[in-house]
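Chemist: Here's my sequence, what's the structure:
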Amino acid sequence: MARPTPTKTERTFGEDEIIVSKTDLKGRILYANDVFCRVGMYAEHELVGQPHSILRHPDMPRCVFQLLWDEISQGREVFAYVKNMAKNGDFYWVLAHVTPSFNAEGRIEGYHSNRRKPERVAIERVAPLYQQLLAEEARHADRKQGQAAGYALLQRLLAERGLSYEEFAFALAA
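Modeler: Modelled structure (predicted):
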């Protein structure tokens, strides 16, 4: 599926609505609820089997996803602000709560994500950080080196504040 060109149009959803998805261990979508489909402008059959990164907006630093994957693959939950891209290139912000799903033996078998509409003030506060991280990633010709540099910067900025990413994320809306 071809990646859309990002637009400057923001899509929104209701404060009482929740975007829900389930993925396998590699991040391929197994389930997408109707809110997910509507906001992302996809039919369910277009999402199922696709990597969740189908929604990745180019304004999102790769290092934030690295942090997310590092946490959930270790069995921990994550709260993160994410700018997603709809099928037509429009964007929408979410506060994602991503958790591992465990089988009867206690092993991770996939991931579950609930996304809510974030507070506008949180978006205004996280966007400059994401721009700073993107700029750091872009300074490197090699994408993997850029991601590693962005991740190191993110960790340094959080350490300077004495916060985990999750604590930082919750403080944005306060």
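Chemist: The longest strand along the chain packs against which elements?
Modeler: Using DSSP state E to define each element, the chain has its longest strand at strand 91-102. Strand 91-102 is packed against helix 62-73, strand 78-85, strand 108-116, with contacts defined by 3 or more C-beta pairs under 8 Å, 6 or more residues apart in numbering; DSSP states H and E. The way it works is simple: take the backbone N, C-alpha and C, and place the C-beta from them, glycine included.
Chemist: tell me the angle it makes with helix 62-73.
Modeler: 20 degrees (axes from the mean of the first three to the mean of the last three C-alpha atoms, to 10 degrees).
Chemist: pLDDT averaged over whichever helix or strand residue 146 is part of - what is it?
Modeler: Element membership of residue 146 [criterion: DSSP states H and E] is helix 143-161. Mean pLDDT, helix 143-161: 96.
Chemist: List the buried residues in the helix or strand following it.
Modeler: As assigned by DSSP H and E, the chain's next helix or strand after helix 143-161 is helix 165-172. Residues 165, 166, 168, 169, 172 are the ones in helix 165-172 that count as buried (16 or more other C-beta atoms under 10 Å).
Chemist: what's the spacing between the third one and residue 161?
Modeler: The one in question is residue 168. The span separating residue 168 from residue 161 equals 7 Å under the rule C-beta to C-beta, to the nearest Å.
Chemist: Point to the helix or strand of this protein where mean pLDDT is at its lowest.
Modeler: helix 165-172 (a mean of 90; mean pLDDT, DSSP states H and E).
Chemist: Which other helices and strands does that one contact?
Modeler: Contact here means 3+ C-beta pairs under 8 Å, 6+ apart; on that basis helix 165-172 packs against strand 78-85, helix 120-138, helix 143-161.
Chemist: Which residues outside that helix are in contact with it?
Modeler: By C-beta atoms under 8 Å, 6 or more residues apart in numbering, the surrounding residues in contact with helix 165-172 are 67, 78-81, 95, 119, 121-122, 125-126, 154, 158, 161, 163.
Chemist: and the angle for it with helix 62-73?
Modeler: Using the same axes, to 10 degrees, helix 165-172 lies at 120 degrees relative to helix 62-73.
Chemist: The closest residue to residue 6 other than its chain neighbours: what's it in contact with?
Modeler: Setting aside the residues directly before and after it, residue 6 is nearest to residue 89 in space (C-beta to C-beta, 6 or more residues apart in numbering), at 5.0 Å. The contact partners of residue 89, by C-beta under 8 Å, 6+ apart, come to 4, 5, 6, 7, 9.
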